[in-house]
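Participant: Sharing a sequence plus its predicted fold:
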Amino acid sequence: MQKEKVLAVVQELPEEVDVDALTERLYLLQKIDEAEKEIAAGKGIPHDEVRQRLAKWLT
């Protein structure tokens, strides 16, 4: 994650900060960044395939 993104998250915080909430938010953003990089590299699962997999689980 880039330093600028971390700083933007910190600047959006209220004056009273829950460190656990901040840590969770940064972790979530990191995972989203990683997922976006995987998708850009062609490592994602096509939407139709995901629907088929979910249909098996939900029926």
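Facilitator: Good, I have the coordinates. Numbers count the residues shown, from 1 in each chain.
Participant: For the host helix or strand of residue 4, the averaged confidence score.
Facilitator: Using DSSP states H and E, residue 4 sits within helix 3-12. Here helix 3-12 scores 91 as its mean pLDDT.
Participant: got the contact list for that helix?
Facilitator: Helix 3-12 is contacted by residues 22, 25, 26, 29 when judged by Cβ atoms under 8 Å, 6 or more residues apart in numbering. (Glycine included, C-beta is placed from N, CA and C.)
Participant: How about residues contacting the helix or strand harbouring the second one?
Facilitator: Counting by DSSP H and E, the secondary-structure element that holds residue 25 is helix 19-40. Residues external to helix 19-40 that are found in contact with it (Cβ under 8 Å, 6+ apart): 1, 5, 6, 9, 10, 13, 44.
Participant: what's the burial count for the closest residue to the first one other than its chain neighbours?
Facilitator: Counting by Cβ to Cβ, 6 or more residues apart in numbering, residue 30 is the residue found nearest to residue 1 once chain neighbours are left out, at 5.1 Å. Look at residue 30: counted by other Cβ atoms under 10 Å, it has 13 neighbours.
Participant: any idea how far residue 39 is from residue 30?
Facilitator: For residue 30, the distance to residue 39 equals 15 Å [Cβ to Cβ, to the nearest Å].
Participant: What of residue 48?
Facilitator: Taking Cβ to Cβ, one finds residue 48 at 15 Å from residue 39.
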